[in-house]
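Participant: Fold the following, please.
(2 chains)
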Amino acid sequence: MTTFAMVIDTRTCIGCGDCVVACKNENKVPAGLNRDWVVEATRGEYPNLETEFRSERCNHCGHATCVTSCPTGASHYWKGSNIVLVAEEKCTGCKACIAACPYDARLIMRPEGYVDKCTFCHHRVDQGLDPACVSSCPIHCMYFGNLDDRDSVVSRVLRERRHKTLLPETGNRPHVYYLL
Amino acid sequence: MIEEVLVTARHNAKVDPSLGIWTWEISFYLFMGGMAAGIMLFSAWAVLARRESVLTFAHNRFALWAPVVLSLGMTTLFLDLEYKVHVFRFYTSFEPSSPMSWGAWVLVLIYPLMILQTLSTLRTGYPKLARLLGHVPLAAPILDLCENRRRAIAWVVIPLAVGLGIYTGVLLSAFSARPFWNSAALGPLFLVSGLSTAAVLPILAGVKTPERHFFELTDMGLIAVELILIALFLINLATGPAHQLDALHLVTGGPYTVPFWLWFVLPGLLVPVVFEVMGLRGNRSFALLACVLVVYGGFMLRYLMVEVGQVSTWTDYAAQFDPQLLQRLMQ
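Facilitator: Below you'll find the model as predicted:
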């Protein structure tokens, strides 16, 4: 399995939301729906406060419970990688995958009714490009690449910097990493 | 202190601000599925135990109710699908890791079986219907075959109906992403609840006293088991990790405390037991009221489970983006 990963530097992210706009433009996400979003997390007690911005999306889990719960095989891994996609022509809109996602990262497309989500812009990845959100980040705080390649940018920054994933305790093996 | 706030829009329908993907349609389907399993089990048991003299209704007439009840449930299940024209996709693959896929294929086995079970009782239970069916070519030999193989059919019904009843609970408990559902007690709980709601149907249908007493006593036992399973379910949550403790709080002090205890446990389980005791002492009105409350309790169990389970989550932002604020800015 090829393991694609996205790495986001919470030290430099300013929460501008360009990644969200880029995703909507690139993937023609209808108004009112979102495949990615930005969270501002504040910790501590005043005046000792610490804030981090996190651009969040589907974590393209190595053990994706949305894939295992899908009754029709519509939710699947792309080309033997960890990129999780939904085959529109197989989706019944039963919403089992939405219930199975601990990150609440899936959405229902209107008016059709099939389930949609972040695809890591696999159509761009297929051409050797970065996902639209990564390409559009104005301060270059987002990285994308193949985690199995030791020389890739994501392998390098994860080797060099402290990092975390969201809810690793779910056992889903998420592949969106946040540099601390 | 940790406060996590969404700073860009995220208002995906039925996902934000908290999950609301499944409503009464799924609750009703789970309720009817459990009830159909119960009907099949009581009908099969009456045949296998050779209790026709006492359990006349269960032996001869009850089986026909199962396909009707299940079909009503299947109708609301279909209504719940967001992409209805793709409903056939359930049957273009089998996904062993998906409980919903198992359920879809179990129903393929269950339906023909409940039809065979019904046909085996048709001449004795519904003679007019059997005579009407007699005009259809090959109907008579098929009815003969089903009647001759009645016990064999009943033996096959038992494991499949138990599977159907448990499946309605496993469907929810398999979602580890929803801490309130993630308990092995849900399968047995839904099975016993399905049996309980099925047990009161013959009483509502007006069966004679010995059969009514049998079902009243049986239902009291089933409600007792149901209460034990609910206690085990809550203990399971109370001894779980932080997310399950948060989920437990929803019904023990949180927003669903009143609905769970005052709208479900009290009128749907405890009051019916008291009324059933009064019914056994000869008060028919209380006996009938108990039956109505048991059916109500069976539905409320599913309704609340579906509702509370979706509210329990791993992801909880302290504040949510409110799209109405944006609308106000644009005005």
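
Participant: Report the secondary structure element holding the residue of chain A found nearest chain B.
Facilitator: Proximity of chain A to chain B (C-beta to the nearest C-beta) peaks at A:Gly93, 2.6 Å away. C-beta coordinates here come from the backbone N, C-alpha and C atoms, glycine included. For A:Gly93, there is no helix or strand it lies in under DSSP states H and E.

Participant: how many other residues sit next to it?
Facilitator: By other C-beta atoms under 10 Å in any protein chain shown, 23 other residues sit near A:Gly93.

Participant: any chance you could map the strands in chain A?
Facilitator: Secondary structure of chain A (DSSP state E): strands at A:4-9, A:37-45, A:48-56, A:75-77, A:84-86, A:107-108, A:115-116, A:142-146, A:163-165, A:176-179.

Participant: Centroid-wise, who is the farthest residue in chain A?
Facilitator: A:Pro47 (32.6 Å; C-alpha atoms, centre = their mean).

Participant: lowest-confidence stretch among the strands of chain A?
Facilitator: Among the strands of chain A, strand A:37-45 has the lowest mean pLDDT, at a mean of 88.

Participant: And residue 63, what's its pLDDT?
Facilitator: With no chain named, the answer covers chain A. At A:His63, pLDDT is 95.

Participant: that's the wrong chain, I meant chain B
Facilitator: Reported pLDDT for B:Ala63: 96.

Participant: pretty sure it contacts B:Phe42?
Facilitator: No: look at B:Ala63 against B:Phe42 with C-beta atoms under 8 Å: they stay out of range, at 9.2 Å.

Participant: Quick check: closest non-adjacent residue to the residue of chain B found nearest chain A.
Facilitator: Closest residue of chain B to chain A, C-beta to the nearest C-beta: B:Glu82 (2.6 Å). Leaving aside its sequence neighbours, B:Glu82 sits nearest to A:Gly93 (C-beta to C-beta, 6 or more residues apart in numbering or on different chains; 2.6 Å).

Participant: What does the one you found show for phi and psi?
Facilitator: When quoted as degrees, to the nearest 10, the phi and psi of A:Gly93 stand at phi 70, psi 30.

Participant: That one reaches A:Asp116, doesn't it?
Facilitator: No: applying C-beta under 8 Å, one finds A:Gly93 not in contact with A:Asp116, separated by 10.7 Å.

Participant: hey, what's in contact with both of those two?
Facilitator: Common contacts of A:Gly93 and A:Asp116 (C-beta atoms under 8 Å, 6 or more residues apart in numbering or on different chains): A:Ile108.

Participant: Near chain A, which residues of the stretch 51-200 of chain B are found?
Facilitator: B:80-84, B:86-87, B:89-90, B:92-93, B:95, B:97-101, B:103-104, B:174-178 (C-beta under 8 Å from any C-beta of the partner chain).

Participant: Can you select the buried ones from the residues you listed in ChimeraX?
Facilitator: Buried subset of those, written as a ChimeraX selection, criterion 16 or more other C-beta atoms under 10 Å in any protein chain shown:
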select /B:80,81,82,83,86,87,89,90,95,98,99,100,101,103,104,174,175,176,177,178
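
Participant: Which ones among the residues of the stretch 51-200 of chain B next to chain A map onto helices?
Facilitator: Mapping those onto helices (DSSP state H) picks out B:Asp80, B:Pro99, B:Met100, B:Ser101, B:Gly103, B:Ala104.

Participant: Compute the inter-axis angle for the lengthiest helix in chain A and strand A:37-45.
Facilitator: In chain A, assigned by DSSP H, the helix with the most residues is helix A:18-27. On the basis of axes from the mean of the first three to the mean of the last three C-alpha atoms, to 10 degrees, helix A:18-27 is oriented at 160 degrees to strand A:37-45.

Participant: Please pull out the lowest mean pLDDT helix or strand from chain A.
Facilitator: strand A:37-45 (a mean of 88; mean pLDDT, DSSP states H and E).

Participant: Contact partners for residue 26?
Facilitator: Defaulting to chain A. A:Cys121, A:Arg124, A:Ala132.

Participant: The chain in question should be chain B.
Facilitator: With C-beta under 8 Å, 6+ apart, B:Ile26 has these contacts: B:Thr76, B:Leu77, B:Asp80, B:Arg302, B:Val306.

Participant: same thing but at 10 Å, please
Facilitator: B:Ile26 is in contact with A:94-95, B:73, B:76-77, B:79-80, B:171-172, B:302-303, B:305-306, B:310, counting by C-beta atoms under 10 Å, 6 or more residues apart in numbering or on different chains.

Participant: Can you check my assumption that it lies in a helix?
Facilitator: Yes: assessed by DSSP: H, G, I helix; E, B strand; the rest coil, B:Ile26 belongs to a helix.

Participant: where does it sit relative to A:Ala64, distance-wise?
Facilitator: Distance of B:Ile26 to A:Ala64, given as C-beta to C-beta, to the nearest Å: 23 Å.

Participant: Then B:Met40?
Facilitator: Counting by C-beta to C-beta, the gap from B:Met40 to A:Ala64 is 36 Å.

Participant: Compare the two and say which is more crowded by neighbours.
Facilitator: When B:Met40 is set against A:Ala64 and neighbours are counted by other C-beta under 10 Å, the residue ahead is B:Met40, at 32 against 25.

Participant: Can you check the pLDDT for residue 114?
Facilitator: All of this refers to chain A. pLDDT recorded at A:Tyr114 is 96.

Participant: that's the other chain; I wanted chain B
Facilitator: pLDDT for B:Met114: 95.
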